[in-house]
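Enquirer: below: sequence and its predicted model.
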Amino acid sequence: MIFSPRASVIKNTFWDQVPVWIKPSPWVQEDWDSCLQALEGHFNYVNSVAFSPDNKLVASGSHDSTVRLWDAATGKARGTLEGHSAEVTSVAFPPDGKLVASGSRDRTVRLWDAATGKARGTLEGHSYEVTSVAFSPDGKLVASGSQDRTVRLWDAATGKARGTLKGHSDWVTSVT
């Protein structure tokens, strides 16, 4: 309680019950900070962050060419997913949370096992960087948008290309 912010309702309610030998208390901030925790570990800036559907994991994709998995409750690092040869631009979880997809400037989409961090496949076919990745609501398809002005659809189980959506006049910057 002595480390609670000065404006804390609990601190103000029970301050008279703090033993005299603890007072004066250390300097503390006026109110609670909006930042609950910082996830630190990437060596360059972070381009994309996604929560797993059960809110237990956080995936972050970085300019350092890695994806990191974090325990959402504790902020503890759960693993670093390495394999991209360029910046990771987008990360996403499917509805069941068993995979992580990452898109990269290396023109690929990679699929990872969310529990183990092991690579499950590399999806190749874009001619320019992948800017965004997303799973279909049933988790069976992965969509990837690219600077090559296309959206590609992939089978999430096999990694096989299912189709290419063409017709954009400029980069595809987001898929959902």
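Expert: Thanks, I have it.

Enquirer: tell me where this protein has strands.
Expert: 46-51, 57-62, 66-71, 77-82, 88-92, 99-104, 108-113, 119-124, 130-135, 141-146, 151-155, 161-165 (DSSP state E).

Enquirer: next, format the ones you listed as a markdown table and append mean neighbour count and mean pLDDT.
Expert: Glycine gets a C-beta too; all of them are placed from N, C-alpha and C. Shown next, in a markdown table, are these (neighbours: other CB atoms under 10 Å; pLDDT from 0 to 100):
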| stretch | mean neighbour count | mean pLDDT |
| --- | --- | --- |
| strand 46-51 | 17 | 94 |
| strand 57-62 | 23 | 96 |
| strand 66-71 | 22 | 95 |
| strand 77-82 | 16 | 95 |
| strand 88-92 | 26 | 98 |
| strand 99-104 | 27 | 98 |
| strand 108-113 | 22 | 98 |
| strand 119-124 | 17 | 97 |
| strand 130-135 | 25 | 98 |
| strand 141-146 | 24 | 98 |
| strand 151-155 | 20 | 98 |
| strand 161-165 | 13 | 97 |
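
Enquirer: columns distance to residue 172 on top of the ones you listed, output as CSV?
Expert: Listed next are these as CSV, based on distance: least, CB to CB, whole Å:
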stretch, distance to residue 172
strand 46-51, 15
strand 57-62, 17
strand 66-71, 21
strand 77-82, 24
strand 88-92, 11
strand 99-104, 11
strand 108-113, 13
strand 119-124, 15
strand 130-135, 6
strand 141-146, 3
strand 151-155, 6
strand 161-165, 9
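
Enquirer: I'd like to know which of these lies nearest to residue 16.
Expert: Closest approach to residue 16 among the strands of the chain is made by strand 66-71 (37.9 Å; CB to CB).
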